[in-house]
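In: Could you look at this predicted model? Sequence included:
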Amino acid sequence: MPKRVDNSAVIAAIAAGMTDDQAATAAGCSAATIRRRRHDPDVQAELRAARAATLRRNLDRLGGLVTLAIDRVEGALHDDETPATVAVSALRAAVAGYADHHERSDLSGRLDALESLLAARGPLRVVR
């Protein structure tokens, strides 16, 4: 009887960006199993959810970095030893990255919602 593979281990490995061979080793299964699971709609849905959760966590962290960058700029304004250009560059990079990730997260959420709606409707029919 074949051994049961834990989908959560497969999803975690794929979401971590592992190759099929690496994911198979991490999940304790074959690379063929990983390839099959990549095409399983339930696994795909769980993978989208895992990636969305990772994106949300990273956005939260990035938001904290923006706060640190703002604090750094404020400190640079009061510290004659720190070149203001360094602090301003850090702030510019953090704000740009935060805005870019926020926009992508919003688009990703909208795309996920559309994909869920389409999946619930079933296959599309071509009307001629």
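Out: Sure thing, it's come through. Numbering: from 1, shown residues only.
In: Mind listing what's buried along stretch 89-100?
Out: 90, 91, 94, 98 (16 or more other CB atoms under 10 Å). In short, each C-beta sits where N, CA and C put it, glycine included.
In: So which residues make contact with that stretch?
Out: Stretch 89-100 has contacts (CB atoms under 8 Å, 6 or more residues apart in numbering) with 59, 62, 63, 65, 66, 68, 69, 70, 72, 73.
In: ok, the buried residues of stretch 89-100 vs residue 52, which is closest?
Out: Comparing the buried residues of stretch 89-100 against residue 52 with CB to CB places residue 98 closest, at 17.4 Å.
In: Tell me the confidence at that closest one?
Out: Among the per-residue scores, residue 98 shows a pLDDT of 76.
In: State the distance from it to residue 61.
Out: 10 Å (CB to CB, to the nearest Å).
In: what do you get for residue 93?
Out: Distance from residue 93 to residue 61, counting by CB to CB: 15 Å.
In: Need the buried ones from the contacts of stretch 89-100 selected in PyMOL.
Out: Of the contacts of stretch 89-100, the buried ones go into a single PyMOL selection, burial set by 16+ other CB under 10 Å:
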select buried, resi 62+66+69+72+73
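In: Let me know the closest of the contacts of stretch 89-100 to residue 36.
Out: Closest approach to residue 36 among the contacts of stretch 89-100 (CB to CB): residue 59, at 31.9 Å.
In: what sits against the closest residue to residue 46 other than its chain neighbours?
Out: Take residue 46 and drop its neighbours on the chain: the residue closest to it by CB to CB, 6 or more residues apart in numbering is residue 11, 5.1 Å away. Residue 11 sits next to 43, 46, 47, 50 when contact means CB under 8 Å, 6+ apart.
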